[in-house]
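J.: Structure, please.
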Amino acid sequence: MGLPAGHSVTNSLDLRLFLEAAIAGQLALFAAFLFFARARKSAGATALATLSGAIALTAVVNAVTASGLLGGLRSVNLLLELLLGPMLFVYVRLVRAGAARLARWEIAHCLPAAAGVALFESGLLRDLDGYVLIVLATYTVAAAWVIRRRASYPTRGTYRLVAALVATFGIFVMLRAGVVFEAHNEVDFRASTSYLMILVMVLVLSSFIIWTALRHPDAINGALAAGKYSHSNATPGELDLIVTRLERLMGEEDIYRDPLLDVSTLAGRVRAPPRHVSQAVNARFGVNVAAWVNTRRAEAAARMIREAHDASITTVIHAVGFGSKSAFQREFRKRFGMTPSEYRDRLE
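T.: Numbering: from 1, shown residues only. Next up is the predicted model:
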């Protein structure tokens, strides 16, 4: 015997409430992490933190207004929805331009949202959902136009992240159109299939952003570092060539074994200015040159421990280029989450 229709609807709404809470929690934590830990480094990072926070807040306000607890938040919800498109466009443009700060004229992107709220409050906006959809679609198309050239972005990881954001907003717009259609057919948007799909899609997006930030810092850091190198004349192709040459030096010549290795030495070997070498490493790996070299040394030490079981830790330290045991222990633990001795013990 099937469940009563009311029970099914309740379960459906409970699922939507759970998804809204999950989205809000994930993106709120990510926005806080990004803003307090990194956002001061570039306007693009601040824009990404703001966009993440706005999506989280939109999910919360949607849930609260739908519950009937604070009906007066409808205008706030409308404002947030109208700002999502402009925020996406601003983020995409800032990352591509490598801007160190937000230009004053960027505030003009708030005008469609302000106008929408004003028209809604005055009763002059008859098709509210249609207006929101037009604003979202317009800014999403504009963002897609901005990212049409991959070479304009500092790293492949950064471009993939930005392209995924724009593509997801495109899907969001199409599903939002489905919500509008169902609303015109007197279907409660919170009980609609389109709204459920929107929630699932946004949850996947928020998970993707967080996963990218944790597992592929070059995608996030490439955007954050753009402002630092905004006056650089190095093209993305030149930076990729520098990284290729650096990888060859590390893999074929084991240049990391030199304890005095620094950015100037690397610049001389790859025949590029030190600033461009620093920019290439920062953009590709999300760290400075010294940290990148030490990571390669730690990885070489791990290989040596695996292959030369009788080699002492002191021998390993000097063989891979570390200047002291404390530096070796610190970098090895940072890379592998354990001491060299613990690493060796696990191999036995």
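J.: where does the stretch 51-200 of the chain dip in pLDDT?
T.: Within the stretch 51-200 of the chain, the segments meeting pLDDT under 70 span 65-72, 97-103, 149-157, 179, 182-192.
J.: quick one, domains of the chain?
T.: The chain breaks down into these domains under automatic domain parsing: 5-224, 236-347.
J.: Need those domains in TSV (columns: mean neighbour count).
T.: All C-beta spots, glycine's among them, are computed from the backbone N, C-alpha and C. Formatted as TSV, the domains of the chain follow (neighbours: other C-beta atoms under 10 Å):
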stretch	mean neighbour count
domain 5-224	18
domain 236-347	17
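J.: show me what contacts the residue most central in space within the chain?
T.: A centroid search over the chain (C-alpha atoms, centre = their mean) returns I209, at 4.6 Å, as the residue closest to the centre. I209 is in contact with L27, F30, S52, L161, L165, counting by C-beta atoms under 8 Å, 6 or more residues apart in numbering.
J.: Looking at those, which one is closest to L249?
T.: Among these, L161 lies closest to L249 (C-beta to C-beta), at 28.2 Å.
J.: In which helix or strand does the closest one reside?
T.: Element membership of L161 [criterion: DSSP states H and E] is helix 156-184.
J.: Distance from the chain centre to the following helix or strand past that helix, please.
T.: Scanning forward in sequence from helix 156-184 by DSSP H and E, the next helix or strand is helix 193-215. Centroid separation between helix 193-215 and its chain, computed with C-alpha atoms, centre = their mean, to the nearest Å, is 12 Å.
J.: between helix 193-215 and helix 156-184, what angle do the directions make?
T.: Taking axes from the mean of the first three to the mean of the last three C-alpha atoms, to 10 degrees, one finds helix 193-215 and helix 156-184 inclined to each other by 160 degrees.
J.: one step back: let me have the contacts of I209 in JSON lines, extended by distance to V204.
T.: Listed next are the contacts of I209 as JSON lines, based on distance: C-beta to C-beta, whole Å:
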{"residue": "L27", "distance to V204": "12"}
{"residue": "F30", "distance to V204": "14"}
{"residue": "S52", "distance to V204": "14"}
{"residue": "L161", "distance to V204": "14"}
{"residue": "L165", "distance to V204": "12"}
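J.: Looking at the residues you listed, spot the one nearest Y91.
T.: Using C-beta to C-beta, the shortest approach to Y91 within the contacts of I209 belongs to L165, at 7.6 Å.
J.: Pretty sure V117 sits against L79.
T.: Yes - judged on C-beta atoms under 8 Å, V117 makes contact with L79 at a distance of 5.2 Å.
J.: Excluding chain neighbours, what is closest to V90?
T.: In space, V90 comes closest to A47 once its chain neighbours are excluded; the distance is 5.3 Å by C-beta to C-beta, 6 or more residues apart in numbering.
J.: separation between the one you found and R148?
T.: According to C-beta to C-beta, to the nearest Å, A47 and R148 sit 19 Å apart.
J.: before we move on, what about E307?
T.: Counting by C-beta to C-beta - E307 and R148 are separated by 48 Å.
J.: ok, now G251?
T.: Distance, G251 to R148, using C-beta to C-beta: 34 Å.
J.: now swap in A28 and tell me
T.: In terms of C-beta to C-beta, A28 sits 32 Å off from R148.
J.: now V90
T.: For V90, the distance to R148 - C-beta to C-beta - is 17 Å.
J.: same thing with S122?
T.: Relative to R148, and taking C-beta to C-beta, S122 is found at 38 Å.
J.: same deal with A54?
T.: Distance, A54 to R148, using C-beta to C-beta: 25 Å.
J.: which residues touch E238?
T.: Neighbouring residues of E238 by C-beta under 8 Å, 6+ apart: A272, H276.
J.: Which pLDDT value belongs to it?
T.: Per-residue confidence at E238 stands at 84 (pLDDT).
J.: same thing with D254?
T.: At D254, the pLDDT value in this model is 90.
J.: Got the phi and psi for it?
T.: phi 50, psi 50 (degrees, to the nearest 10).
J.: Who are the contact partners of it?
T.: By C-beta under 8 Å, 6+ apart, the neighbours of D254 are A300.
J.: Point out where the stretch 201-348 of the chain drops to low pLDDT.
T.: Low-confidence segments of the stretch 201-348 of the chain (pLDDT under 70): 212-232, 286, 348.
J.: give me phi/psi at E253?
T.: According to degrees, to the nearest 10, E253 has phi -110, psi 0.
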